[in-house]
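Enquirer: what would the 3D arrangement of this be:
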Amino acid sequence: MTVTLAQAINRALTDAMAEDDRVLVFGEDVGRLGGVFRVTDGLQSRFGEQRCFDTPLAESGIIGTAIGLAIYGYRPVAEMQFDGFTYPAFEQLVSHLAKLRNRSRGTLTLPVTVRIPYGGGIGAGEHHSESPESYWVHTAGLTVVSPGTPDDGYAMVREAIASDDPVIVMEPKRRYWMKADIELPVTAPPAHEALVRREGTDVTIVCYGPMVRTALDAAEAAEEEGWSLEVLDLRSLSPMDTEAIVASVQRTGRAIVVHEAGRSLGLGAEVAARVQEAAFYHLEAPVLRATGFDTPYPPAKLEGYWLPDVDRILDLVERSLAY
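Expert: I've put the predicted structure just below:
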């Protein structure tokens with residue numbers, strides 16, 4: 001059957017709620033409306049207002065409520081309506097959600113899933129198109145994953161809800177309508193394992209979330225130039241599968257990291273550091289990065305220039321191969 005990423009996540013939430021009465025879904029407009037992107041469509045009508053409910057426009061309160069519910073034995077799934085709306089909840093996420101288990105010496109578990117639609121490509125401008133993953137990856141105590149395919153959308157959300165520790169699920173909103181022929185429910189490798197989406201011999205393209213499709217398109221276009229690109233989907237940003245990254249770079253000798261977030265202190269910098277620590281003598285060229293710019297997210301008319309695309313990736317491939 002043909003399933004979109006949004007439908008796969010919806011099915012994951014539905015199945016989790018049907019199997020466990022402790023699973024609650026809440027956030028801004030997730031109930032009656034079914035969410036801005038309709039990812040939670042139908043959950044309230046099926047499970048009732050006590051298990052899928054709308055909250056006030058107060059992100060700090062949403063995460064604070066999730067923490068309290070988790071302490072009382074529930075498995076809350078909290079939605080941040082847009083990426084840029086997570087910042088009012090920053091203190092709750094970083095100071096409490098990520099640290100309470102450690103602070104309580106393991107007495108408390110925090111089985112909280114925080115869903116964050118993120119990234120650009122929908123013409124929405126700042127506060128609605130941002131990529132804040134580096135904040136969460138830098139926060140010890142949080143697992144951070146980003147599905148780049150519908151099957152991962154289902155499997156990662158189910159895995160996140162089942163976890164006894166907090167998980168941030170970064171959902172690439174520009175890919176909500178991406179389709180795949182899969183049968184749900186679907187199984188997938190554990191989220192902490194990176195996957196080679198396309199094998200290649202010349203350059204490794206390291207990517208995740210919204211850039212998986214872009215990297216695959218670039219790999220296809222590269223064939224016309226006689227270049228063979230290997231596309232590695234990180235899937236999990238924290239923990240990061242360093243072993244898979246190193247193994248791929250050892251095969252190709254070159255690496256390009258692609259992400260929408262700004263360049264400085266983005267995830268690409270961490271990937272580059274790990275590659276050069278563990279695979280330095282296999283490198284034939286420096287690790288390069290195709291990223292967003294170090295500016296606030298631009299108006300809709302400029303986002304096509306701001307976001308990494310196939311041409312920008314291919315330019316870096318050519319540069320890498322020239323060394």
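Enquirer: contact partners for the closest residue to Glu59 other than its chain neighbours?
Expert: Nearest residue to Glu59, sequence neighbours excluded (C-beta to C-beta, 6 or more residues apart in numbering): Ala89, at 3.9 Å. Backbone N, C-alpha and C define where each C-beta goes, glycine included. Ala89 is in contact with Glu59, Ser60, Ile62, Ile63, Met80, counting by C-beta atoms under 8 Å, 6 or more residues apart in numbering.
Enquirer: for these, give me CSV that also has neighbour count.
Expert: Shown next, in CSV, are the contacts of Ala89 (neighbours: other C-beta atoms under 10 Å):
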residue, neighbour count
Glu59, 24
Ser60, 14
Ile62, 25
Ile63, 25
Met80, 24
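Enquirer: secondary structure and pLDDT added to the residues you listed, as TSV?
Expert: Converted to TSV, the contacts of Ala89 look like this (DSSP: H, G, I helix; E, B strand; the rest coil; pLDDT from 0 to 100):
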residue	secondary structure	pLDDT
Glu59	helix	97
Ser60	helix	97
Ile62	helix	98
Ile63	helix	98
Met80	coil	97
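Enquirer: got phi/psi on Met170?
Expert: Dihedral angles of Met170 (phi, psi; degrees, to the nearest 10) stand at phi -90, psi 110.
Enquirer: quick one: it from Ala6, how far?
Expert: According to C-beta to C-beta, to the nearest Å, Met170 and Ala6 sit 15 Å apart.
Enquirer: and the two? which has more neighbours close in?
Expert: It is Met170, of Met170 and Ala6, that has more neighbours when counted by other C-beta atoms under 10 Å, with 26 against 23.
Enquirer: the residue lying closest to the more buried one once chain neighbours are set aside and Asp202, how far apart?
Expert: In space, and not counting its chain neighbours, Met170 is closest to Ser146: 4.1 Å by C-beta to C-beta, 6+ apart. In this view, Ser146 and Asp202 are 26 Å apart by C-beta to C-beta.
Enquirer: so the two - more neighbours on which side?
Expert: Comparing Ser146 with Asp202 by other C-beta under 10 Å, the one with more neighbours is Ser146, at 31 against 19.
Enquirer: wait, the more buried one touches Ser131, no?
Expert: No - in this structure, Ser146 is not within contact of Ser131 by C-beta atoms under 8 Å, at 9.7 Å.
Enquirer: now for those two: what residues contact both?
Expert: When contacts are counted by C-beta under 8 Å, 6+ apart, Ser146 and Ser131 are jointly contacted by Tyr118.
Enquirer: which stretches of this protein form helices?
Expert: 5-19, 43-47, 59-71, 90-91, 100-103, 133-137, 150-162, 211-222, 242-252, 267-278, 303-306, 310-321 (DSSP state H).
Enquirer: hang on, the earlier thing: what's near enough to touch the residue nearest to Met170?
Expert: Here Ser146 is in contact with Tyr118, Glu133, Val169, Met170, Glu171, Pro172, Tyr208, Gly209, Leu234, Arg235, Ser236, Leu237 (criterion: C-beta under 8 Å, 6+ apart).
Enquirer: do you know how far the nearest residue to the fifth one once chain neighbours are set aside is from Ile9?
Expert: Right, the one you point to is Glu171. Setting aside the residues directly before and after it, Glu171 is nearest to Pro117 in space (C-beta to C-beta, 6+ apart), at 5.0 Å. For Pro117, the distance to Ile9 (C-beta to C-beta) stands at 10 Å.
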